[in-house]
Each structure stands twice: as structure tokens, then as C-alpha cells.
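Peer 1: Predicted model follows, preceded by the sequence.
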2 protein chains.
Amino acid sequence: MSNSSKPKRLSVKAEQRAETRELILDEAERLFAVHGFLGVTLKDVARQAGVHHTLMNYYFEDKQKLLDEVFARRAVVTSSRRMDAMAAYEAEAGDAVTVEGALRAFLDVDLDLYAAGGEGWHSFGSLVALVANTPVWGSGLMTEHFDPVVRRLIGLLRKALPDATEEDIYWGYHFVSGALLLSLARTGRIDRLSDGLCVSDDFASIKARMATFMAAGIIEICKG
Amino acid sequence: MSNSSKPKRLSVKAEQRAETRELILDEAERLFAVHGFLGVTLKDVARQAGVHHTLMNYYFEDKQKLLDEVFARRAVVTSSRRMDAMAAYEAEAGDAVTVEGALRAFLDVDLDLYAAGGEGWHSFGSLVALVANTPVWGSGLMTEHFDPVVRRLIGLLRKALPDATEEDIYWGYHFVSGALLLSLARTGRIDRLSDGLCVSDDFASIKARMATFMAAGIIEICKG
DNA sequence: ATTATCTATAGATCTATAGATAATGC
DNA sequence: ATTATCTATAGATCTATAGATAATGC
């Protein structure tokens, strides 16, 4: 238990273990994102990762636990960044919190992460959309990882719109959430509909419009 | 080939056939909506429908074709209603087409259908969301059944916003689409987040806010 | 001595079809 | 005679584990 000043030098075995686990997580993430949880077998993941298929159960308790780890790996990163961004915004804005400011803190750091994060983050985005749309086995993951950031956003919106009803604010968030999830899914549908003018992977274009769009919508329905 | 004045009286066999097919389609729809296409086996569907599992391949070529029929059954209904609603709106509005008017024609008849359609339509809604979020096997169905209504909407929005760029209009539609899909999915997430204040199944509350919200958003991003 | 990897296999499905039997059709 | 339903089964997976072997650890 020499925990003070941990030896940074990992043993060969510990390194090998960590590398293999990451490799499996990467391939699982990629495959789950494209084919869905049930559209991928542990053997598929093992084949792609180049490891023996029995190692799947050596490194991960079962298939569900593998998904849980894939999901948690990036969910904690985006959640903590968004919490920080919202806290920073609130500190900076004081009593002058605006709907668009709150939404930018909630949306923009997240979209930046997906824009700059490469293939891994892209896959994770698609996976979040799939998980969110399969409540029967996905709602636990959504609740566990994303409820805190949503509640934080709701708090900021309340501050920005002290006269709005709770229902209007929640329905407003619901629309934001749907638009964000479809963006993360990168289905390629907008590409085909617009004949290539818009591109699903273009998170910069989405970021440029999303907070503005959603702020206008929320303010409008909260007028009622 | 006595096609003139078809005998409305169907034979017992023809009736039986039609009933069994519908029964299978109903149960497949319900199960696919909850568990996803791959989360349901043909045996599951047969068991729920109370028919022998080998009848699945007697009535439907294969599992994919069963999904295609489940999907097409209601997709043609909603699509034709929405096309009619948009045509009626355009005829009525003439050159004074508005963004909110166009969106009401696109959204409201659809939401009415889900609100009043009972369990079958509810299941279909969840299924649409799942199909839309699984591009690898779902984009064909989306394109085939929903491209025409989307193109019709885009045409109306162009008329309402002659100075807007094509990109802004398509991205605006993209946000609308995401919000609609999450509403159809009825994930129950907004219920839990709002502690029961908002209810996923409450299409009336969604309809009351959605076109207003989306019109404000589209108009705002098209100002740029 | 401990941990990573592979061999072999249990046990449980699934989809799909060939072919037999039972129920209407004309 | 035609069509609906059931019997029986081929053929192909999958997940998960017990136990053996190979590679580091100290």
C-alpha cells in the first residue's frame, strides 16, 4: 500500500492490460455506434480489436458492463466540462444570466468536444443518440450520466426567465435535447436532403446556429 | 379478373389471412418499438400474436420485410395527411406563407395522429425514432417514406423566407426534425427530469409549443 | 507466483425451410 | 384444389466458463 507518490512506472503487464482494455473499448465504441448494442457481438469486437474472443470476458464481466464502460469513459469528460462551463458562466453573468448565455455554456463546449475529438468522440455521439432512443435499456445510462448537467441548465434558465412556467422551461429543454441528440447521431440524413449543402459531421455549423435558435424558441414559448 | 365492382365479401380464408397478418404486424410494431429490431425475435412476435412461429415466414418473406411492412403501414398514412395539409395551407396562404404556418401544416396533423391514434401510433412513433437513429439499416426507410414531406416543407419555408440562405433553412429543419423525433420516441426522460410535471405521452402539450418554438428559432438563425 | 492468453466446449438460441396435416373453396 | 397451420430439423450463431499454457514479477 505504498500509495504516497505512486510509482508512475507501470509494469509491462499492467501496461499491456491497460492497452488491451482501451483497444477493446475503442473498437466496441465504434461498432456499437454504427450497429447498435445488439447489432454487435463480442466476437465482432474481439476480431476488430485483434484479440482472442475469450479475452472479452476476461477483461469485462459481460457485454452490458462493456457498454457501461464505453459509455462512462467519455460521459464523465463531457459532463464535467459542461458543469464547469455553466458554473463559470453563472459566476461571470451574476444576475444577468440570459437564455442564450446559458445554452452556450451547455451546448458549445460539448459541440467543441465532438468537433475536435476525432473518431472516438464521433462514435460516442452516435452511441449517446442510440442509448437515448432505446429507453428500455438506455434510460439508466442517460439518467446516471446526464441528469446533473441538465438540472444545472434548467437552473440557469429559471434564473434567466423568472416569470416562465416550469412546464414551458422543461418542454423548451426537451426540444433542445432532441435537436442535440440528432446532431450527435450524425445520421447523414441532412446531407442527403440538402444534396450535400449541409454535412452531418459539421459540428461548427451546428454550433454557429444552435444556441441562437434554441434561445429564440425558448423565449417565445415562455412568453405565453 | 372481374375487377369491376370487386366483391366486398371476402372468403373466410382471405379474411383469416388478413386478420392474422394484421395481428402479426401489430405485435411486431409494439415489440420493435420497445426493444428495437434486433431486440426482438420472430419467435417473440409469434408468441405475442398467438400464432405458430413458422407462420412468420409463411406470411412474411423474412424479418426485414416484416419491419418494412410495419413501417410502411402507418408511414403512408401520416405522409399523405401531411402532404394534404401543406398543400391546403399553401393554397389558402397564397403569397403570404409564414414560417409558423408552414410548420403547423407539417407538425400539427402529425402530432394529432399520434395523440389520437392509440397504442399503435405510439409504438410507430418510437419505431420511427429508432429507425432514424440507426442509419446503417434505417436510412433507406426514412428516405423512402419521409423525403417527400420534408421537401414540401422546405419549399414552403423558402417561400416564407425568400432572403434566407439554403444552409440556414436546412439546419433549421434539422433542429425541427430532432425535436420531433425525440417527441415521437416518448422516452420518458422529460417525465423523470421534470418530476412528472411534463409527460412524454402528452402530444397536446408538445403541439401547443412546437411550431411556435421552431418558427422563432428558424426566423432567428435566418436573420444572419 | 501471478497474470495474460488460448483451447475446448456447454448450453442456449435464432432464422428459415421442407414437407405433412388440417381446413376451406368451387 | 387451394391455402392455412403445424412437425421436425438444418445450419449457424452467441455468450460465458473451466481449465491449460505462455509470459512477466519479485
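Peer 2: Here it is on my side, so go on. As the structure is a computational prediction, the values presented were derived from the model and not from experiment.
Peer 1: For the longest helix along chain A, name the packing helices and strands.
Peer 2: Identified as the longest helix of chain A according to DSSP state H is helix A:63-93. In terms of contacts (3 or more C-beta pairs under 8 Å, 6 or more residues apart in numbering or on different chains; DSSP states H and E), helix A:63-93 is packed against helix A:12-35, helix A:42-49, helix A:99-116, helix A:118-132, helix A:135-160. Just so you know, the C-beta spots here come from the backbone N, C-alpha and C atoms, and that holds for glycine as well.
Peer 1: wouldn't A:Ile169 be in contact with A:Arg158 here?
Peer 2: Yes - applying C-beta atoms under 8 Å, one finds A:Ile169 in contact with A:Arg158, separated by 6.4 Å.
Peer 1: Which one's more surrounded, these two?
Peer 2: A:Ile169 (24 against 14; other C-beta atoms under 10 Å in any protein chain shown).
Peer 1: residues touching that one, list them.
Peer 2: Contacts for A:Ile169 (C-beta atoms under 8 Å, 6 or more residues apart in numbering or on different chains) come out as A:154, A:157-158, A:161, A:218, A:222.
Peer 1: A:Met142 too?
Peer 2: A:Met142 makes contact with A:131-132, B:189, according to C-beta under 8 Å, 6+ apart.
Peer 1: again, but for A:Tyr173
Peer 2: A:150, A:153-154, A:157, B:190, B:193.
Peer 1: Show the buried residues in those residues.
Peer 2: Buried subset of these (neighbour count, 16 or more other C-beta atoms under 10 Å in any protein chain shown): A:150, A:153-154, A:157, B:190, B:193.
Peer 1: just the contacts of A:Ile169 now: which is nearest DNA strand C?
Peer 2: When these are compared for distance to DNA strand C (C-beta to the nearest atom of the strand), A:Ile154 wins out at 41.4 Å.
Peer 1: Check what pLDDT that closest one gets.
Peer 2: Listed pLDDT for A:Ile154 reads 98.
Peer 1: Distance check, it against B:Leu182.
Peer 2: Between A:Ile154 and B:Leu182 the computed distance is 17 Å (C-beta to C-beta, to the nearest Å).
Peer 1: Also A:Thr212?
Peer 2: A:Thr212 is 20 Å from B:Leu182, where distance means C-beta to C-beta.
Peer 1: what does A:Pro135 give?
Peer 2: 11 Å.
Peer 1: Low-confidence ranges, chain A, go.
Peer 2: Applying pLDDT under 70 to chain A flags residues A:1-9.
Peer 1: For DNA strand C, what's its nearest residue on it.
Peer 2: For chain A, C-beta to the nearest atom of the strand, closest residue to DNA strand C: A:His52, 2.8 Å.
Peer 1: returning to what we had before: among the buried ones among the contacts of A:Tyr173, which pair sits farthest apart?
Peer 2: The most widely separated members of the buried ones among the contacts of A:Tyr173 are A:Leu157 and B:Ile190, with 14.1 Å between them, by C-beta to C-beta.
Peer 1: Which residues of chain A lie near DNA strand C?
Peer 2: Contact residues, chain A versus DNA strand C (C-beta under 7 Å from any atom of the strand): A:13-14, A:16-17, A:20, A:51-52, A:54-55, A:58.
Peer 1: circling back: could you check what's spatially nearest to the residue of chain A closest to DNA strand C, not counting adjacent residues?
Peer 2: A:Ala46 (6.5 Å; C-beta to C-beta, 6 or more residues apart in numbering or on different chains).
Peer 1: A:Lys63 now?
Peer 2: In this structure, A:Lys63 finds its nearest non-sequential neighbour in A:Leu42, 5.8 Å apart by C-beta to C-beta, 6+ apart.
Peer 1: Report how many residues lie close to the one you found.
Peer 2: Other residues close to A:Leu42 by other C-beta under 10 Å number 18.
Peer 1: Repeat that for A:Gly94.
Peer 2: Neighbourhood size, A:Gly94 [other C-beta under 10 Å]: 8.
Peer 1: For A:Ala160, see how far away it is.
Peer 2: 12 Å.
Peer 1: Test my guess that A:Val176 contacts A:Ala215.
Peer 2: No - look at A:Val176 against A:Ala215 with C-beta under 8 Å: they stay out of range, at 9.5 Å.
Peer 1: Mutual contacts of these two, please.
Peer 2: A:Leu103.
Peer 1: which one of the two has more residues nearby?
Peer 2: Neighbours were counted for A:Val176 and for A:Ala215 using other C-beta under 10 Å; A:Val176 has more, 28 against 24.
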